[in-house]
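Engineer: quick one, what's the 3D model for this:
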Amino acid sequence: MPIELLAKVSYNIHMKIRRKILNIFAVFEKASEGGYDVSFPTFPGCATFGKTFEEAKKYAREALSLWLEEMKSSHLKIPKSFSRPIIDEVSVSI
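Structural biologist: Residues are numbered from 1 along each chain as shown. From the prediction side, this is the model:
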């Protein structure tokens, strides 16, 4: 294997190892038509849908990855910390 190719492969492996894992809160809501709507309070506008919870979680990872990739390529700052959303009931008279 040529030295240049070996160096490139080594660099790519090294870069993959150094990637950060972000744990970002997602909100999964049952959709009226069935399935689950998914949104991310930290990233308004980033949303997806899945027919099952497992599918919704898979699509959530994909949507969020693309969202963060776009932020990175646009040189936008990705938040370093995330707060857990507070979800509670609010009673109203109708």
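Engineer: buried residues in stretch 69-88, which are they?
Structural biologist: Neighbour counts over stretch 69-88 (16 or more other Cβ atoms under 10 Å) mark no residue as buried. Every residue, glycine included, has its C-beta placed from N, CA and C.
Engineer: helix, strand or coil for the residue positioned nearest the centre of the chain?
Structural biologist: With distances taken as Cα atoms, centre = their mean, residue 64 lies nearest the centre of the chain, 2.6 Å away. Residue 64 carries the three-state label helix when classified by DSSP: H, G, I helix; E, B strand; the rest coil.
Engineer: 53 is where my numbering starts, stick with that
Structural biologist: From this message on, residue numbering opens at 53, which makes the last subject residue 116.
Engineer: A helix includes residue 119, no?
Structural biologist: Yes. Residue 119 sits within a helix when classified using three-state DSSP.
Engineer: distance of it relative to residue 85?
Structural biologist: According to Cβ to Cβ, to the nearest Å, residue 119 and residue 85 sit 24 Å apart.
Engineer: where does this structure dip in pLDDT?
Structural biologist: For the chain, applying pLDDT under 70 flags the ranges 53-70, 133.
Engineer: repeat that with 90
Structural biologist: 53-77, 93, 130-140 (pLDDT under 90).
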